[in-house]
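[1] no FASTA, just this:
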Ligand code: XMP
């Protein structure tokens, strides 16, 4: 794999965004924590220093050793990085007496400076710091100022070292991407050769060499990541890839059969294992959400292990891990606290003792989709909404019975199909239905009913960390509600969830 740009992370909330912007320029980049950088820098063509929640003046602030970087590789220091370079090289950083947070406009740009090519005066930039650079470091030339921030950007003469106090990576810096492109492409001359096609070529070759004639087992979930990982591995090692697709009885209506067919059509060597009864019998009587997740996790490992043992001499376990999970697990701050037990990554059970191969570990989600498209995977499969590993179990509040699963599958199917039929599916990040543990009174014909309530939930989001409920058209909601109540026996009331995350979560359990 090529190594083009190194991003040293000082713990900024925006570091992943820097990486995404760089990738959007078709440039490969990797994030490393400042305290654990790569030992060998010879394959890197430029380095970016991220921002940080720290003040450079704090004793416990990150103090990286830049002796192998500064003056040797093109360097762009953002926010904390810019202040760090100033503070320790003859400049001065002090608390700012005005608020340097939010939108600002470039009031001065040094003429003829390639970093600002194509950027006009007044261009909006996003500031986010409480310290400010009062005096530039030795050898520095000011490149830009805003009304309040005199040293908004500088460079060091005689080096390819640039520093900016604002964040080019955030959307509110309107020419941020242009500045990153100027720095990386025009100034540092980093090649723009990281495309879905080049990724596929490189990774397939790498997997071929690494895996040779070994057998690999992979658990397919029906989701985008495991599917793309499987197709890549299949290209590399063909039928030595053994895929296992488990029906835990908590999938969407007909999903197991449909997706299994699709996998077979893709030429994957896949075995479908219907373990619905095993899961549902182990879940009987459990109403605590975390116990549900743990039970499903445990049974999945048991089922998967039984299946994996039937493949002789398997050496590798393939996983669909993607880059945000990798960054999270090596982040400056350490892995963030577990909020829901199933969100843990990797977690190879001891008894499986297989080596792990993760073809997507360098890709962001949108890149996985683009790679999937390059591989010719059905756009409908690539565009599927996220679906939780524990499936419908965490959308059935309270205990789970086969009858409740059936009801929820029917309701969910009407809702999701409705979204598709009305051209709304792709406008929604995730949608589903929740079966509530309450009965409500209704009338049907002359009869009084006392039946279940279901909630519909549709959210907009980019990563699931925050989400807004979607303002679905009333007409659509009316049609769906009528269809559910008329067609699904056991349901007499439909409500729509209008809570955002935070403070609510996307799932109800
Ligand atoms: P929450 O409910 O935490 O959901 O706002 C955020 C995203 O994560 C999914 N989710 C899960 N995915 N196992 C999963 O694989 C789980 O236990 C789980 N819980 C929530 C949820 O569907 C949403 O996309």
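    Yes, it's here. As the structure is a prediction and not an experimental result, all values here were calculated from the model. Numbers count the residues shown, from 1 in each chain.
[2] what residues does the stretch 401-509 of the chain put near the ligand?
    Applying C-beta under 6 Å from any ligand atom, we find that the stretch 401-509 of the chain lies next to the ligand at 430, 464, 501, 505, 506, 507. C-beta: built from backbone N, CA, C; applies to glycine.
[3] how about 8 Å then?
    430, 432, 461, 464, 465, 467, 501, 504, 505, 506, 507, 508 (C-beta under 8 Å from any ligand atom).
[4] now those residues in TSV, with neighbour count, secondary structure and pLDDT?
    Shown next, in TSV, are those (neighbours: other C-beta atoms under 10 Å; DSSP: H, G, I helix; E, B strand; the rest coil; pLDDT from 0 to 100):
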residue	neighbour count	secondary structure	pLDDT
430	19	strand	97
432	27	strand	98
461	17	coil	92
464	16	coil	87
465	10	coil	85
467	22	strand	93
501	16	strand	91
504	15	coil	95
505	13	coil	96
506	22	coil	97
507	17	coil	97
508	18	coil	98
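[5] can you list those residues in a markdown table and add distance to residue 400?
    Below are these laid out as a markdown table (distance: C-beta to C-beta, whole Å):
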| residue | distance to residue 400 |
| --- | --- |
| 430 | 21 |
| 432 | 15 |
| 461 | 26 |
| 464 | 23 |
| 465 | 27 |
| 467 | 25 |
| 501 | 24 |
| 504 | 22 |
| 505 | 19 |
| 506 | 19 |
| 507 | 14 |
| 508 | 14 |
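[6] residue 285: which of those residues is nearest?
    Set against residue 285, the nearest of these by C-beta to C-beta is residue 508 (19.5 Å).
[7] wait, what's in contact with that closest one?
    By C-beta atoms under 8 Å, 6 or more residues apart in numbering, the residues touching residue 508 are 394, 395, 397, 434, 455, 457.
[8] same thing but at 6 Å, please
    Shown in contact with residue 508 (C-beta atoms under 6 Å, 6 or more residues apart in numbering): residue 434.
[9] same check on residue 246?
    Residues near residue 246 by C-beta under 6 Å, 6+ apart: 273, 275, 303.
[10] the same query, at a cut-off of 8 Å, please.
    Shown in contact with residue 246 (C-beta under 8 Å, 6+ apart): 219, 273, 275, 300, 303, 304, 307.
[11] and what of residue 96?
    So residue 96 contacts 129, 130, 131, 132 (C-beta under 8 Å, 6+ apart).
[12] just to revisit the earlier point, what subset of the contacts of residue 246 is buried?
    Neighbour-count burial (16 or more other C-beta atoms under 10 Å) applied to those gives 219, 273, 275, 300, 303, 304, 307.
[13] isn't residue 461 up against residue 470?
    No: in this structure, residue 461 is not within contact of residue 470 by C-beta atoms under 8 Å, at 9.9 Å.
[14] can you list residues touching both of those two?
    None of the residues lies in contact with both residue 461 and residue 470 under the rule C-beta under 8 Å, 6+ apart.
[15] regarding the chain, what is its longest strand?
    When the chain is parsed with DSSP state E, its longest strand is strand 92-109.
[16] where does the residue nearest to residue 314 when sequence neighbours are not counted fall, phi/psi-wise?
    Distances taken as C-beta to C-beta, 6 or more residues apart in numbering place residue 215 nearest to residue 314, at 4.5 Å, with adjacent residues excluded. Backbone torsions of residue 215, given as degrees, to the nearest 10, read phi -90, psi 140.
[17] equivalent analysis for the one 4 residues further on, please.
    Here the main-chain torsion angles of residue 219 (degrees, to the nearest 10) amount to phi -90, psi 120.
[18] next up, the contacts around it.
    226, 243, 244, 245, 246, 300, 304.
[19] can I get those in JSON lines including secondary structure and pLDDT?
    JSON lines is the format used below for those (DSSP: H, G, I helix; E, B strand; the rest coil; pLDDT from 0 to 100):
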{"residue": "226", "secondary structure": "helix", "pLDDT": "96"}
{"residue": "243", "secondary structure": "strand", "pLDDT": "97"}
{"residue": "244", "secondary structure": "strand", "pLDDT": "97"}
{"residue": "245", "secondary structure": "strand", "pLDDT": "98"}
{"residue": "246", "secondary structure": "strand", "pLDDT": "97"}
{"residue": "300", "secondary structure": "helix", "pLDDT": "94"}
{"residue": "304", "secondary structure": "helix", "pLDDT": "93"}
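[20] relative to residue 71, which of the residues of the stretch 401-509 of the chain next to the ligand is nearest.
    Taking C-beta to C-beta as the measure, residue 71 lies nearest residue 465 of those, at 38.1 Å.
[21] and the closest one, what is it in contact with?
    Counted by C-beta under 8 Å, 6+ apart, residue 465 has contacts residue 501.
[22] same question for the one 3 residues further on.
    Residues near residue 468 by C-beta under 8 Å, 6+ apart: 459, 460, 461, 500, 501.
[23] could you rerun that using 10 Å?
    429, 459, 460, 461, 498, 499, 500, 501 (C-beta atoms under 10 Å, 6 or more residues apart in numbering).
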